[in-house]
Structure formats: C-alpha cells, structure tokens
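Trainee: fold the following for me, if possible:
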Amino acid sequence: MFIEGDSLSELEYILSFMNDDLKTVFSLLDKNIHIRINEIRVRKENYLVIVIKNTSYFIDYNGDIYDYPSNNCVFINKDVFDEMYLSFCSYSVYSNAENIKNGFITLQNGSRIGIAGSAVYENEKLLSVKDLTSMNVRISKDVKNCSDSILSFLYVNSFPSIIVAGKPNSGKTTLLRDIARQLSSGFNHNYSKIAVIDERGEICGKRGDKSLLDIGINTDVLTAFSKAKGIEIATRTLSPQMIICDEVSTIEEVSSILYAFSSGIKFALSVHISSREDLLYKPIIKTLLDTREFSYIVLLENYTYKAEIIDAGEIYDEICRNDNPDNINNCSRGSFV
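Mentor: Numbering: from 1, shown residues only. Here you go, the predicted model:
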C-alpha cells in the first residue's frame, strides 16, 4: 500500500507563490482533488488548467472543475501571470537565469516550473528566454513505499543496477526517491550507503541545508552539481554502494557512470521514453546497456507505480538483432550481471 506523503502541503507550498484570488479558488476545491493534481498549467491570457493523470481540467471561481472551459472558469491575465513568474523566481530573475535559459525554474521543495517563451541568441549561443507565455508547474510528490514490489523482487538476494524508464510524469523521480529512502534506511536489514545526484533539486527538494523530502538516513545528497560532475565527486569522496540520479541523457553522463562502475558502485537511474519501443531504438538506452552493468529495466506504467521488470540482457539482444540481423554472435544472450 502506498502512503502519499505530503502531497497536500506540496500544493500549499505552490499556492504560496500565487495571489489571494487563486489561493481562494484552490481552497474551494475538494481535498481529494488536491492530492491528485500532478500539474498546474498557467498560460498568459488563457484559462488555468489542472492536470490529473494526464487529463486536463478547468476550474471555475466556485471551486468546481470541468473538462471544458466555461465563462466562469479561472482566466490568467498578463498582470497575474507576470507577478506569478516573478514570485516563482523569488523576485530575482537574474539568480534563476541559467535554469530559465534551459527552460525551467526549480522551487526549493523540488517542484519544477517548465517555461515557454522566445529564445534569445547571440552568435548562435542561447543567452536567455524572454516574453514568457506559459508555465507548467509539476507538483513534487513523496509517495512512500511505492518501490516495495520492486525492492522485494530485485534487492532481497542481490543488489543490481537498474534503469527506470517511463513517460514524463510516470513517477520515475518519485520511485527513485523511495528506493533511496528504503535502501538507506534498513531494507532487508541493510543500511546501504546511497548517494543521490540531485542536479535540479527535484529528488530531495532542499531549503537551505535541509532536505524537504525523506530520502533516508544513510543517504548523501549532491545538489545543483551536474550529473557527470556529481557522479565523479560521489565516486571519489563518498564511497557509496549505489548512486541514484534522474534523467540520464548524455554521453558525458554515461562516461561518469562508467567511471563509477569501475569502482564497484551500482546505479539506479531514470530515462525518458515515450513507448516501450523506445527501449529498442533510443540511443541512450543502447549506450547504457553497452556498459553491460545494468541487470534490469524497470518499465513504469503511468501514475500507478506498477512496473514491468525486464531483463536488460534480453533487451540488448533484441537491439543487437535490430542493428545486425545477419550477425548477432556478439550479443549478450540474456542476463548481463
């Protein structure tokens, strides 16, 4: 059974950045709606949208929700949008400039604000984003025990490296957080040493030097380091048994992962996919499997924390067959590790 941690307080934290009118609207919503909200989508000169399990809904000023906009639904004008943007930036756009350039703002509780606007280039280098038109607030959730079935299946008699794969908002970050919490807090009577590379502050969420989400009693957290640099530092200085990181996507990151593997460190990491077929055709998946260090791929079903656990070697064999249908002698033939 999953325990939804502080979903309500997470939403309340987001609402603290909004004006009194919007706070009042959300206060009128049923509390069961509150804990189910995955995203709040704010568009300039447009209707406010909440997203529950990938379905968009509109809110009216009486706290009722609809699957279509009506005349009484909440509308975000330019002044409200601009004030909310400044509030999310803690009234310092400059201090958030690097993240804004990359299309997001991360709040201290780990919630990420995706932004859309116009790119500003100079000499083919992206300098900033201006004229924002929309913000997408992803609500950080702490769902305790959502990794129970995966840990019981994979980590009772072994300690494998795994790839967690799923669509955006499928629960990858939440699952990784719970894996860190449980492995470092005595799962199977072992207090494993875990290092979390929390590049954007989404896995742990921090305010000052305090983690806002429970990531376990034997977990070290490197926040705001790039994944590649954080993995290198954790390997050299923290002697973890496992490193956990989110959204691996570059060759530089894989190079650091290989460096950690050479020191005997295990990994639990995530990758974005749009469908199961991406396991066979997405280059980053093949690059990670080429290390021959990952034992399983945990394929998440959206919003349920139910997972299909797949032997990594079998996926690698299938990739080999697709790439070299006439010569598969170099394939793994099953489990790697």
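Trainee: residue ranges with poor pLDDT in this structure?
Mentor: Residue ranges of the chain with pLDDT under 70: 1-8, 109-110, 206-212, 303-304, 326-337.
Trainee: hey, which strand is longest across it?
Mentor: Longest strand in the chain, counting residues (DSSP state E): strand 125-138.
Trainee: can you name the residues that contact the closest residue to residue 147 other than its chain neighbours?
Mentor: Closest residue to residue 147 apart from its sequence neighbours, by C-beta to C-beta, 6 or more residues apart in numbering: residue 178 at 4.2 Å. Using the backbone N, CA and C atoms, a C-beta is placed for each residue, glycine as well. Taking C-beta atoms under 8 Å, 6 or more residues apart in numbering, we find residue 178 in contact with 143, 144, 145, 146, 147.
Trainee: same check on residue 111?
Mentor: Each residue near residue 111 by C-beta under 8 Å, 6+ apart is listed here: 10, 13, 14, 137, 138, 139, 140, 202, 205.
Trainee: nearest to residue 295, of these?
Mentor: Among these, residue 202 lies closest to residue 295 (C-beta to C-beta), at 25.4 Å.
Trainee: separation between the nearest residue to residue 132 once chain neighbours are set aside and residue 135?
Mentor: Leaving aside its chain neighbours, residue 132 sits nearest to residue 117 (4.0 Å; criterion: C-beta to C-beta, 6+ apart). Residue 117 is 10 Å from residue 135, where distance means C-beta to C-beta, to the nearest Å.
Trainee: which of these two has more neighbours?
Mentor: residue 135 (22 against 17; other C-beta atoms under 10 Å).
Trainee: what's the nearest residue to that one once chain neighbours are set aside sitting at in phi/psi?
Mentor: Setting aside the residues directly before and after it, residue 135 is nearest to residue 42 in space (C-beta to C-beta, 6+ apart), at 4.6 Å. Per-residue torsions, residue 42: phi -120, psi 110 (degrees, to the nearest 10).
Trainee: which residues touch residue 42?
Mentor: Residue 42 sits in contact with 48, 76, 81, 84, 134, 135, 136, 137, where contact means C-beta under 8 Å, 6+ apart.
Trainee: mind putting those in JSON lines, distance to residue 153 included?
Mentor: Output for the contacts of residue 42, formatted as JSON lines (distance: C-beta to C-beta, whole Å):
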{"residue": "48", "distance to residue 153": "41"}
{"residue": "76", "distance to residue 153": "45"}
{"residue": "81", "distance to residue 153": "46"}
{"residue": "84", "distance to residue 153": "43"}
{"residue": "134", "distance to residue 153": "40"}
{"residue": "135", "distance to residue 153": "39"}
{"residue": "136", "distance to residue 153": "34"}
{"residue": "137", "distance to residue 153": "34"}
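Trainee: ok, of the residues you listed, which one's closest to residue 254?
Mentor: Distance to residue 254 across the contacts of residue 42 (C-beta to C-beta) is lowest for residue 136, with 28.2 Å.
Trainee: any idea how far residue 269 is from the closest residue in space to the closest one that isn't next to it in sequence?
Mentor: Nearest residue to residue 136 in three dimensions, chain neighbours excluded: residue 114, at 4.0 Å (C-beta to C-beta, 6+ apart). The spacing between residue 114 and residue 269, counted by C-beta to C-beta, is 21 Å.
Trainee: what about those two, which has more around it?
Mentor: Each of residue 114 and residue 269 has its neighbours counted (other C-beta under 10 Å); residue 269 has more, 24 against 15.
Trainee: just to revisit the earlier point, how far off centre is the longest strand of the chain?
Mentor: Here strand 125-138 shows a centroid-to-chain-centroid distance of 19 Å under the convention C-alpha atoms, centre = their mean, to the nearest Å.
Trainee: ok, stretch 52-62 next?
Mentor: Stretch 52-62 has its C-alpha centroid displaced from the chain centroid by 22 Å (C-alpha atoms, centre = their mean).
Trainee: what comes into contact with that stretch?
Mentor: 25-26, 28-29, 33, 36-38, 41, 47-51, 65-70, 72-74, 169, 302-303.
Trainee: buried ones in it, by neighbour count?
Mentor: The neighbour-count check on stretch 52-62 (16 or more other C-beta atoms under 10 Å) flags 57, 58, 59, 60 as buried.
Trainee: looking at the contacts of residue 42, spot the one nearest residue 296.
Mentor: residue 136 (31.2 Å).
Trainee: one step back: and the residue nearest to residue 136, which of the three is it?
Mentor: Using DSSP: H, G, I helix; E, B strand; the rest coil, the structure places residue 114 in strand.
Trainee: what's the distance between the residue nearest the centre of the chain and residue 181?
Mentor: In the chain, the centroid-proximal residue (C-alpha atoms, centre = their mean) is residue 173; its distance is 3.8 Å. Residue 173 is 13 Å from residue 181, where distance means C-beta to C-beta.
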